[in-house]
Structures are given as C-alpha cells and as structure tokens.
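# heads up, no residue letters with this:
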Ligand code: FBP
C-alpha cells in the first residue's frame, strides 16, 4: 500500500517508555484496595476480585527468570481513539519479550469477535504496518456489550481452543466495567484465563485518582484545537461570522473545555455548569447573545462559541421534555406515524404537558423534527444527532432580532455551524498518545505475566517525561460504585464529568470574560511529531492544570 512520507517516518518512531519497562520488571505489591463507594455491595458482587492490592512495576536488578510462552487475545471496544494500535503493538512486544513463542490474537469488530469466534493471529508483519498509526482498523471495533453469561461461555470456548491465557479489553468505562464482570465470572468458575482492561476514550470521562487520563483524548483535542484555531484566524480576518462549533464527547464536556483552554474562544459552554446552575435553554441563548451584542458594540461582529455534544441533556428543562417525548412516543407510536408529516409538530404540541409543549413549540423546526423522529433502537432520542450548533445559532439570532426591535444595538449577526468529532478519533496519535498507549500495552503484558486478573493497566505521573512515568495495575473494582441503569442498581466504573471546582474549569472561569470581550485567540497549529519536547511532547492543558501544584 502506498504511504505518505509522514506515515513512513512515523512507522519508524520508537515510543518512549517508562524506565521500569525498559528493563526486566519486578512487581511491587501495594495496599489492599476498597471500591470508591458502596463497598459492601461491590464486595458481594465481586467476591473473587474485590479488595486486590494495587501493583507497581519497578526495575528488576536480579537475574531474569525463564518464563513460559503466553497467548493473549485482544479486543477493541467502542468508539475509535488515537493510539489503539500502539496499545496492541505494546501488548505484542510485551508478549514476545516474555517468550518468543507467545501469540497475540485479535478478535474482530469488537466484543462480537470473541462471542462469534472471529479472530486473526497478529504477526510481526501486521503489527509493523500499524505502529504509531491512528484508527482501530487493525482488527476493527464494535459496541456489542459483553453482559450475558451465555456470551462469556461462548467466549470461553474459543479461549480454550486457542489456549489463550489472558484477554485484554481496550475500552471506555462501560467496557471496562464489563471486563471486570467477565474477570469475576471466569475466576468464579476457575476458568484459566485472566482479564485485563485498558482505559480508552477520546471523551476523557474515564479518569479518576488512579487513571490520570484515557488515551486518545490528547490527540483528538489537539486535532480539534488545530481546526478551531484555523477557524478563529479566518474569523479574525474576515470579521463577519459567528462560528458555532459543536465538539464530541457524548455527555461530559472535557473535550470542549480542553479545546477552550487551547484556543481561548470567545465563548465555551460547559454542560456540567449549565446543569449546576439550573439554566434553561433561554438562559444559555441569552448568555451568548449578550456577548454577541457586547462585541458588536465594539464593532466586532464575529466570534467563536464551543458547544459540548451532550449539552441538551444537561439543560434540566430539555431533559424533562426529552423524557416526556420518549414516553409519549413509545406509547403512541402508531397514532403518531399516521399523522401527516406536516402536521406532526402541531400534533406533538397538542399532546405534551403545558411547560414541555411551550418549550417544544419554541424550538426551530429542524430540531423539533430531530427530537420526534431520530430515535435509537430503544426508542430514545439520539441526542448526538441533534444539531445544537444550529439550534443555538438560530435561537441567538431570534433573541438579537427581538432586542433590536426593542431598540438595543446588536450589530450584524451571521452564524455558521460546525461539528467536530469523527475528524479526530482516528488521527495519527500525538507523541503523548503514541508513548502512553505503547506503555499501556507493555504494562498489560506485565500484568499478564504477573498472573493477575480483574486489573486495569495504568500508567501514572503523565506530566513528567515518559522515562519517569509509573507503570502498574489497578484493581478495576476499586473504581466502582453502584448506579441505577435501566431501572436496576448495577456496579459500574464512575464516569468522570467536569468538576466545577477542579483546576481546569476554575482557570477557564477566571479567563472567560476577558476572552469574550477581547479577541485573545490562540492558533495551536497542527500536531508536531518530530522536534523538541516543548513542541512535540506536551500533555493536554487539562492534565497540566490538574497536576499543577
Ligand atoms: P467511546 O465512549 O466508546 O470511546 O466513544 C466516544 C464517542 O466518540 C463519543 O464522543 C460520541 O458521542 C460517540 O462515540 C459516537 O458514537 P458512534 O461512533 O457510534 O457514532
């Protein structure tokens, strides 16, 4: 296959490793652990894998012990995130370091591959093609959830057939929760297979005191920030558009906040703040419109607004509207479908409760339509499809027109909308993600060699140079608590939302007024892969602020 010069150069990049992983490792056992909350309930559900100690790997100065070959199966689960191929390369090299006859099998298209026995053996040749590349295309990914005993048993058949000693599941909070349940199940039936998790997601919401960041967040936010920076420069050149930019991230606003820290936009909305302040959609629109008017008064009829993907669900009134709509349409689907499409909006307005009906009627036609038509297989609104960037642009326009009629000066307002998400998920990993992911893979191999199960691969101290990173393993049950899911209490890894008292948000909050009124844009430019550490090896602003003293 033809390759670009950068692809060729990148293929030769040797990821930087923590000191311990450059040598033979020894396992240092930490204290026994407890889950973050609901200890009794979690302990009862995980009798075989609860309370395990944290592990750290250190340099082993002693004689290398002969080890037997190990076979490992790997699964990529959920949305793509830059660096996944390096995790796999790290596991492969780790397995071969343990013994040259060890094998790595890749289950195809996510957890489904394990259940349906679709796999390939990953060879030197295949791995070398994918080192330091973006994407998950080496084996593909999927969103099937491993939740049923039947699936675990099906998986065990192929695990036994291939003599697999350990499974590594690379995924987000849900996939790692399922990995922990799988580890517990296999242990409870004495199945001779270990299960190790690995923290992936561009959303950045799989993090806690043990996991400093999930991989992919660094690269994805750098890609978005580059493009937002380009838009800001265009915006500051033409001085005639307001750009409404929606950023992926499902629920949490980590991506939008990180991009705001990187580019200093005029406005960035943080969903968690909207919810905490119980803001209505009108409050959000008014907040933006006021800044637009203020800038217009200075002759600046342009600007940028960053909007997190999950915003709609964090506006309490919208949440209530969506819940009533979901419920109403689930019970009246046939009747609704029989209504001619040009009358459906009025039909819904006539059926909803007073407050929700008023809110629904105030929404632009396209959004109202998305709320009633675009539903997932469970009948719920597909919030990610709602074009919040257009919705806010239109609503701000309407508000400004109102103010103009009332005699207020609002200048000229021309909104443009953008959505960035898929553009960043398969980008060539930054040095940070290339190094971090390779280290996570090598650490996973060390955990397998240590014979443990129910652990997540962890690399800490990430704002220091890679040499000083600390590799180890965290018992997954340590990150769990009980939460209501689909009407039932379930053990899950806590999802990390933006903390409003955390340093990244606090820094943003202290600067946003200045960024709103003045034009303080930063243009980060493209990710640099070759050059000085200042240029190429910088972690995210979020991580730097979180770890600042
Ligand atoms: P994960 O949580 O699986 O890592 O996926 C993250 C994400 O990219 C979200 O930001 C986005 O909302 C979602 O996946 C999109 O899902 P899909 O790839 O199925 O369209």
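On my side now, so go ahead. This is a predicted model, so every value here is computed, not measured.

# and residue 410, how many neighbours?
When neighbours are counted by other C-beta atoms under 10 Å, residue 410 registers 21. For every residue, glycine as well, the C-beta is placed using N, CA and C.

# who are the contact partners of it?
289, 292-293, 296, 400, 403-404 (C-beta atoms under 8 Å, 6 or more residues apart in numbering).

# same for the host helix or strand of residue 290, what does it pack against?
Per DSSP states H and E, residue 290 falls inside helix 281-297. Other helices and strands packing on helix 281-297, by 3 or more C-beta pairs under 8 Å, 6 or more residues apart in numbering; DSSP states H and E, are strand 267-268, strand 303-308, helix 388-405, helix 503-517.

# quick one on the thing from earlier: out of the contacts of residue 410, give me the one that has the most neighbours.
Going by other C-beta under 10 Å, residue 292 tops these with 28 neighbours.

# separation between that one and residue 311?
To residue 311, residue 292 is 18 Å away according to C-beta to C-beta, to the nearest Å.

# remind me which residues of this structure are low pLDDT?
374-380 (pLDDT under 70).

# one more pass at 80, please.
Within the chain, the stretches with pLDDT under 80 are 1, 62-65, 373-384, 485-487.

# spell out which parts of it neighbour the ligand.
Applying C-beta under 6 Å from any ligand atom, we find that the chain lies next to the ligand at 78-79, 81, 172, 201-203, 248-250, 309, 384, 425.

# now, those that are in helices?
Judged by DSSP state H, helices contain the following of the residues of the chain next to the ligand: residue 425.

# for the residues of the chain next to the ligand, which one is nearest residue 155?
Taking C-beta to C-beta as the measure, residue 155 lies nearest residue 78 of those, at 17.4 Å.

# rewinding a little: and the helix holding residue 290, which residues are buried?
281, 284-286, 288-289, 291-293, 295-296 (16 or more other C-beta atoms under 10 Å).

# centre of the chain to it, how far?
Mean C-alpha position of helix 281-297 versus that of the full chain (C-alpha atoms, centre = their mean, to the nearest Å) differs by 30 Å.

# that one to helix 503-517, inter-axis angle?
Put simply, helix 281-297 runs at 50 degrees to helix 503-517, going by axes from the mean of the first three to the mean of the last three C-alpha atoms, to 10 degrees.

# which residues touch helix 281-297?
242, 266-267, 269, 274, 277, 279, 301-303, 305, 311, 315, 317-318, 359, 392, 395-396, 399-400, 403, 408-413, 516-517.

# again, only this time at 6 Å
Helix 281-297 has contacts (C-beta atoms under 6 Å, 6 or more residues apart in numbering) with 267, 303, 315, 395-396, 399-400, 410-411, 516.

# likewise stretch 314-329?
By C-beta under 6 Å, 6+ apart, stretch 314-329 touches 271, 274-275, 278, 280-281, 312-313, 336, 352, 356, 359, 371, 380-381.

# distance from the chain centre to stretch 449-457, please.
Using C-alpha atoms, centre = their mean, the offset of stretch 449-457 from its chain centre is 23 Å.

# kindly report the same for stretch 353-372.
29 Å.

# returning to that earlier point: comparing the helices and strands packed on helix 281-297, which comes out most buried?
strand 303-308 (a mean of 27; mean count of other C-beta atoms under 10 Å).
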